[in-house]
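1. Structure here, sequence nowhere to be found:
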């Protein structure tokens with residue numbers, strides 16, 4: 001008999017033996033959970049019964065930690081509640097709370113070590129931890145369907161993130177709800193990650209990208225945060241179908257971000273009627289604490305992001321079919337950003353549609369298609385959907401006001417009105433800047449929110 005044929009029965013016996021030893025082990029309240037984990041074998045299911053269970057615990061075998069409805073795992077206020085070092089571990093169905101508050105030691109509800117590859121963290125409630133889930137190099141992991149609420153009685157610069165990802169490729173963060181803390185998702189030095197269909201409220205940045213390449217951010221909803229999606233020092237990203245609704249400072253921010261596809265996103269302002277904005281006026285703001293949501297007063301003015309989009313030294317990106325509405329500035333474009341394609345977007349009801357401090361002429365149209373501008377009074381006599389005249393969002397007066405804001409007191413003076421009239425009659429008087437030579441006469445379809453539509 002060949003060696004190969006002799007090995008087949010041995011492999012079958014080994015597999016059967018492994019299957020036979022895997023079992024479901026129940027853990028009642030008061031029973032030492034760590035002792036059960038230490039006795040468990042690879043493949044076991046640790047069924048945590050409803051009730052209070054003490055942390056902190058460490059999982060160093062390939063097993064499933066599953067909580068019954070009402071199962072609560074509470075740390076002792078120091079360190080991490082669940083630390084995972086084995087690959088292919090599943091944690092689901094638990095309420096996890098009570099981590100420490102030390103940023104240096106990255107105290108977390110769940111901490112995935114680099115060896116914890118392909119972990120699955122799903123359908124848990126992580127509440128009152130410094131970091132919710134810290135993916136510290138655990139490639140291929142997935143965090144999905146969780147509710148993650150950070151600390152609320154703490155200064156913003158002392159808070160942790162809902163999920164932090166460090167040097168962990170092929171990670172998916174999906175279908176989670178984030179509230180409170182510093183950033184909803186923060187990623188640094190990673191690649192090939194996917195952040196999809198999450199909802200963010202009462203945080204600083206919904207998604208904060210640093211040095212993370214070839215990744216995707218899609219279908220997420222950011223409501224009433226400092227900023228929606230901050231993309232920094234990252235290349236070749238797909239930013240698609242996200243919503244920034246009434247975020248305070250920016251909907252989308254791109255800083256040294258290159259070769260990204262930014263498509264079908266929506267940034268809107270409006271009254272923050274029943275939501276917090278991450279830092280309200282008053283005592284909470286003075287103390288630097290994370291505030292409770294506060295209702296707006298009846299008749300309060302419409303407010304939204306100061307800038308729908310801020311582009312700073314970001315190059316060769318494609319902004320297509322996005323919707324930017326009711327911001328202080330629709331798009332702020334600066335610092336030598338080059339090679340960007342900006343077409344098919346809708347700029348609606350922004351106080352200033354574009355702010356571009358530069359002397360180059362930039363044509364924001366391509367292939368016979370530009371953008372829609374709600375303040376463009378042009379006609380479409382031939383009915384081709386393209387306005388008959390070019391659109392210029394800025395003129396010489398705008399440039400004066402940007403460089404000398406005190407000149408606003410003259411905005412309604414006869415001299416300014418004559419200057420603007422002269423520019424309309426003699427386009428050569430216009431300074432260099434943005435021009436849309438093929439502006440759309442009607443807006444493209446408004447992108448719809450996916451998960452978390454308010």
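-> Thanks, I have the structure now. These numbers come from a predicted model, not from an experiment. Residues are numbered from 1 along each chain as shown.
2. Following the chain onward from the helix or strand bottoming out on mean pLDDT in the chain, which element is next?
-> Ranked by mean pLDDT, DSSP states H and E, the weakest helix or strand in the chain is helix 283-287, scoring a mean of 35. As assigned by DSSP states H and E, the chain's next helix or strand after helix 283-287 is strand 307-312.
3. Return the set of buried residues in that following strand.
-> Neighbour-count burial for strand 307-312, counted by 16 or more other CB atoms under 10 Å, picks out 307, 308, 309, 310, 311, 312. Using the backbone N, CA and C atoms, a C-beta is placed for each residue, glycine as well.
4. pretty sure residue 190 contacts residue 168?
-> Yes - taking CB atoms under 8 Å as the definition, residue 190 is a contact partner of residue 168 at 5.5 Å.
5. Settle it for me: which of the two has more neighbours?
-> Ranked by neighbour count (other CB atoms under 10 Å), residue 190 and residue 168 place residue 168 first, with 27 against 24.
6. circling back to that earlier point, can I get the buried residues of strand 307-312 in CSV including pLDDT and distance to residue 436?
-> Converted to CSV, those look like this (pLDDT from 0 to 100; distance: CB to CB, whole Å):
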residue, pLDDT, distance to residue 436
307, 93, 19
308, 96, 16
309, 96, 15
310, 95, 19
311, 94, 16
312, 92, 21
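7. Report the two of those residues separated the most.
-> Farthest apart among the buried residues of strand 307-312 by CB to CB are 308 and 312. That separation is 14.3 Å.
8. Quickly find the element holding residue 65.
-> Going by DSSP H and E, residue 65 is in strand 64-67.
9. got the contact list for that strand?
-> 37, 44-48, 59, 73, 82, 89-95, 124 (CB atoms under 8 Å, 6 or more residues apart in numbering).
10. Sort out which of the residues you listed are buried, if you could.
-> Of these, these count as buried by 16+ other CB under 10 Å: 37, 44, 46-48, 59, 73, 82, 89-95, 124.
11. Just to be sure, which of the residues you listed are found in strands?
-> 46, 47, 48, 59, 73, 82, 90, 91, 92, 95 (DSSP state E).
12. partner residues bridging the last one?
-> In other words, residue 95. With DSSP bridges applied, residue 95 shows beta-bridge pairing to residue 72, residue 125.
13. ok, it - contacts?
-> With CB under 8 Å, 6+ apart, residue 95 has these contacts: 67, 71, 72, 73, 124, 125, 126, 127.
14. let's go with 7 Å and repeat that
-> Applying CB atoms under 7 Å, 6 or more residues apart in numbering, we find residue 95 in contact with 71, 72, 125, 127.
15. Equivalent analysis for the first one, please.
-> Contacts for residue 46 were tallied using CB under 7 Å, 6+ apart; they are 25, 27, 36, 37, 40, 63, 64, 65, 66.
16. cool, and residue 194?
-> For residue 194, counting by CB under 7 Å, 6+ apart, the contacting residues are 172, 215, 216.
17. how does it look with 10 Å?
-> Shown in contact with residue 194 (CB atoms under 10 Å, 6 or more residues apart in numbering): 142, 170, 171, 172, 173, 174, 215, 216, 217, 218, 238.
18. And the fourth one, how far from residue 147?
-> Remark: distance between residue 172 and residue 147 (CB to CB, to the nearest Å) = 17 Å.
19. Okay, helices next: where are they in the stretch 301-450 of the chain?
-> In the stretch 301-450 of the chain, the segments counted as helices under DSSP state H, counting those that start in this stretch are 396-403, 414-425.
20. Residue 267 pairs with what?
-> In beta-bridge terms (that is, DSSP bridges), residue 267 pairs with residue 244, residue 324.
21. ok, it - how many residues close by?
-> Neighbour number of residue 267 under other CB under 10 Å is 31.
22. cool, and residue 331?
-> Residue 331 has 28 neighbours, counted by other CB under 10 Å.
23. Residue 336 now?
-> Neighbour number of residue 336 under other CB under 10 Å is 10.
24. What of residue 105?
-> 14.
25. Residue 96 too?
-> Look at residue 96: counted by other CB under 10 Å, it has 29 neighbours.
26. Leaving out the residues flanking it, which one is nearest to it?
-> The spatially closest residue to residue 96, leaving aside those adjacent along the chain, is residue 109, at 4.4 Å (CB to CB, 6 or more residues apart in numbering).
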